[in-house]
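Chemist: Predicted model follows, preceded by the sequence.
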Amino acid sequence: MEKLFPRIFSFLLTLFLFPHLLHSQGYSSRQPPRPLIFTPHSRADSDPQQVHISLVGRDHIRVSWITEAKHTKSIVEYGKAPGAYDSLATGEHTSYKYFFYSSGEIHHVKIGPLEPSTTYFYRCGGSGPEFSFRTPTQKFPIEFAVVGDLGQTEWTASTLAHVESKDYDVFLLPGDLSYADTQQPLWDSFGRLVEPYASRRPWMVTEGNHELETFPILHPHGFTSYNARWLMPYEESGSDSNLYYSFEVAGTHIIMLGSYAEFDKKSSQYKWLVADLAKIDRNKTPWLLCYCMHRGIIPIRLIKVKGKA
């Protein structure tokens, strides 16, 4: 017993001091929560809001936005100089209901072909403000900004400001976007909050548990809001679901898997993944990145791809 007591005492002392040691070294596990940021609607009902872009194939981009007015055009005018729109593309629109909430008109328009590493200026719906974006490079180096669990708090604002200070090419968000959690106006607030960033660089996202938004019996089907608002290039990559897809940019093949879609060997996602991997030509596409959201801690990270793997 006399020999056992020092061991027990040492163990308890270590157990007590270890968290304090980590904290003193800057390894604090979680920062305190910050207040929610609700971004109000300040434009005309016919003007675009919540504008964001995503990659579609090697030389096209999808422009997505929402209007409160129901009879606005799903068109995008674009060109290489401010106000000089020498190209026009048309697309589609949709909307959805969630209990007593009715969304605005959600527009998706694919534009291109576009030149790499080029700034384009564009206008949505034939009215409202002008936006601009830069297309990604087609060769190394390319830089990805990776952020998960974004939400819309004061921490979100500081995170986006940090990312914006970097000269990145593509933004990857593997799940938990708005943290609306069935409160649909928070989806609108989130779209307005991220618009200054998501309208300038492609945002490639996938779903997390906070996008599920099911309700027993009354709303059993998940991801209604997410699928309507954040349309990704799933069809172009051979997927049958917006919850998982892949895309290529600058010799890099990126796979965005869905943690909340079926993934056993008999599932559509598993079969799609096997087929998608089989199509990759590693001579042309030396880099393969796979983001399987949503389990685990997702840190903020900037990835710069410089050469062959």
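Modeler: Cool, got the structure. Numbering: from 1, shown residues only.
Chemist: quick check, S54 in a strand?
Modeler: Yes. Counting by DSSP: H, G, I helix; E, B strand; the rest coil, S54 is located in a strand.
Chemist: Give the full set of residues in contact with it.
Modeler: S54 is in contact with 61-62, 64, 202-205, 230-233, counting by C-beta atoms under 8 Å, 6 or more residues apart in numbering. In short, each C-beta sits where N, CA and C put it, glycine included.
Chemist: Same question for T224.
Modeler: T224 sits in contact with 96, 98, 213, where contact means C-beta under 8 Å, 6+ apart.
Chemist: top of those residues by neighbour count?
Modeler: E213 (20 neighbours; other C-beta atoms under 10 Å).
Chemist: so who does the residue lying closest to that residue once chain neighbours are set aside touch?
Modeler: In space, E213 comes closest to T182 once its chain neighbours are excluded; the distance is 5.0 Å by C-beta to C-beta, 6 or more residues apart in numbering. The neighbours of T182, taking C-beta under 8 Å, 6+ apart as the test, are 98, 213, 215.
Chemist: Run through the bridge partners of the last one.
Modeler: It stands for F215. As for beta bridges, F215 partners with H219 under DSSP bridges.
Chemist: The stretch 101-250 of the chain: helices as residue ranges?
Modeler: Per DSSP state H, counting those that start in this stretch, the stretch 101-250 of the chain carries helices over the ranges 154-164, 185-198, 224-229.
Chemist: Out of those helices, which gets nearest to P113?
Modeler: The minimum distance between P113 and those falls on helix 185-198, with 21.8 Å, by C-beta to C-beta.
Chemist: Run a quick neighbour tally on S158.
Modeler: Tallying neighbours of S158 according to other C-beta under 10 Å, which is how burial is gauged here, yields 11.
Chemist: wait, what's in contact with it?
Modeler: By C-beta under 8 Å, 6+ apart, S158 lies in contact with nothing.
Chemist: Start the count at 9 instead of 1 going forward.
Modeler: Happy to do that; since the first residue is 9 now, the last one works out to S166.
Chemist: can I assume D189 is in contact with G216?
Modeler: No. Using C-beta atoms under 8 Å, D189 and G216 do not qualify as a contacting pair, with a distance of 11.0 Å.
Chemist: Would you mind measuring from the residue nearest to the spatial centre of the chain to F223?
Modeler: Centre of the chain computed as the mean C-alpha position; nearest residue by C-alpha atoms, centre = their mean is V213, 2.8 Å away. Distance check for V213 against F223: by C-beta to C-beta, to the nearest Å, it reads 23 Å.
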